[in-house]
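Novice: Okay, predicted coordinates and the sequence, questions at the end:
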Amino acid sequence: MDETQEPLAMTVHLLASSGHGAQLQQTLDQLLGCICPEVRLFLVSERMSPVKYYDKGHPKRSRFPGMSVLLFLHDSLGEERLFRVLDSLRRWPWRCYPAPIAQGRACPSILARQDFYSLDSQMPVWGVRQVHCGSEILRVTLYCSFDNYEDAVRLYEMILQRDATSQKSDFCFFALYATDSFALQLSLKQLPLGMSVDPKESSVLQFKVQEIGQLVPLLPHPCVPISRTRWQTRDYDGNTILLQVWPVLLYNREETVWFYV
């Protein structure tokens, strides 16, 4: 990362099964190495015990993946590079992820226009799009149920201490990192009325915050300490959030992180 850039305000922790963490980290590093080698956005940890999944009470066809990662890549940098990224996603340990169906139709179109891939059923779905102008973008998108969207925008504005950039009434994004040729974004997308969110239990967003005491009473769910510098909570749709008090002056190395699941 450019020394003039501040540390990333957000990182994504992916929780792998015991013994698979190093392999998944290497897989992600290889995929993103030719796109944004200066940014370490995804960190893989291993679970101490298998995660337990619970039925959310909604039909599977009406539930939409809670998180996606979209890579907007320039065709001007060569089709070979684009095909190399797509080829990586089509190889093990990646697996093809079917587009969700609602009321007999593929919906919303953001996942229906092309194939998506995932490392695990409880991790984000990934896709690649071709762009012709502007910066290349790595965009992490959280999908919000219809009634929760506006509250979610205010929540993440409060956590990130910045305003969201709105492009449509049902879509906005936060710019987390940018150079002349590359941008990293967190975006929020409102789902159609009647669709519920399927949170990815092995995907955890971590944000750096300077003050935790004033933030905790304003959060929609309980916030519990899991280490000397980290607190865990959830957003309106059940996505797990870690809040890391920054700057960290207690240690010269990363703490071991334990998650309540």
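Specialist: Nice, thanks for sending it over. Keep in mind it's a predicted model, so treat the numbers as computed, not measured.
Novice: Would you mark the buried spots in the helix or strand harbouring Q23?
Specialist: Using DSSP states H and E, Q23 falls within helix 21-32. Within helix 21-32, the residues that count as buried by 16 or more other Cβ atoms under 10 Å are 21, 24-25, 27-28, 31-32. (Each C-beta comes from the backbone N, C-alpha and C, glycine too.)
Novice: next structured bit after it?
Specialist: With DSSP H and E, the next secondary element past helix 21-32 is strand 42-46.
Novice: Each with direction, which strands does that following strand pair with?
Specialist: strand 10-16 (parallel) (DSSP bridges).
Novice: How far away from the center of its chain is the strand it pairs with?
Specialist: How far strand 10-16 lies from its chain's middle: 8 Å, per Cα atoms, centre = their mean, to the nearest Å.
Novice: Outside of that strand itself, which residues are in contact with it?
Specialist: 24, 28, 40-47, 51, 119-120, 123-124, 140, 160, 176, 186, 201-208, 242, 257, 259 (Cβ atoms under 8 Å, 6 or more residues apart in numbering).
Novice: do that again at 7 Å, thanks
Specialist: Residues from elsewhere that reach strand 10-16 (Cβ atoms under 7 Å, 6 or more residues apart in numbering): 24, 41-47, 123, 140, 176, 186, 202-207, 259.
Novice: What's the ChimeraX line that selects buried ones from these?
Specialist: Filtering those down to the buried ones (16+ other Cβ under 10 Å) takes a single ChimeraX command:
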select :24,41,42,43,44,45,47,123,140,176,186,202,203,204,205,206,207,259
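Novice: ok, back up a step: what's the angle between the helix holding Q23 and strand 10-16?
Specialist: Taking axes from the mean of the first three to the mean of the last three Cα atoms, to 10 degrees, one finds helix 21-32 and strand 10-16 inclined to each other by 130 degrees.
Novice: Show me what helix 21-32 packs onto, helices and strands only.
Specialist: strand 42-46, helix 79-89 (3 or more Cβ pairs under 7 Å, 6 or more residues apart in numbering; DSSP states H and E).
Novice: cutoff 10 Å now
Specialist: In terms of contacts (3 or more Cβ pairs under 10 Å, 6 or more residues apart in numbering; DSSP states H and E), helix 21-32 is packed against strand 10-16, strand 42-46, strand 67-74, helix 79-89.
Novice: closest one to G213 among those?
Specialist: For these, proximity to G213 was assessed by Cβ to Cβ; strand 10-16 is nearest, at 20.8 Å.
Novice: just checking, what packs against the one helix or strand A183 maps to?
Specialist: A183 is part of strand 182-190 when elements are defined by DSSP H and E. Strand 182-190 is packed against strand 10-16, strand 67-74, strand 136-144, helix 149-160, strand 165-168, strand 171-178, with contacts defined by 3+ Cβ pairs under 10 Å, 6+ apart.
Novice: ok and the third one relative to strand 67-74, angle-wise?
Specialist: Going by the same axes, to 10 degrees, strand 136-144 is angled at 160 degrees with respect to strand 67-74.
Novice: got the CA coordinates for the helix holding Q23 in CSV?
Specialist: Output of helix 21-32 as CSV, limited to C-alpha atoms (Å, rounded to 0.1, in the frame of the first residue of the first chain):
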residue,chain,number,x,y,z
GLY,A,21,-6.9,-21.6,6.2
ALA,A,22,-3.5,-21.4,4.6
GLN,A,23,-4.7,-22.9,1.3
LEU,A,24,-7.7,-20.4,1.1
GLN,A,25,-5.4,-17.5,1.9
GLN,A,26,-3.0,-18.5,-0.8
THR,A,27,-5.9,-18.9,-3.3
LEU,A,28,-7.1,-15.4,-2.6
ASP,A,29,-3.7,-13.8,-2.7
GLN,A,30,-3.0,-15.4,-6.1
LEU,A,31,-6.3,-14.2,-7.5
LEU,A,32,-5.9,-10.6,-6.3
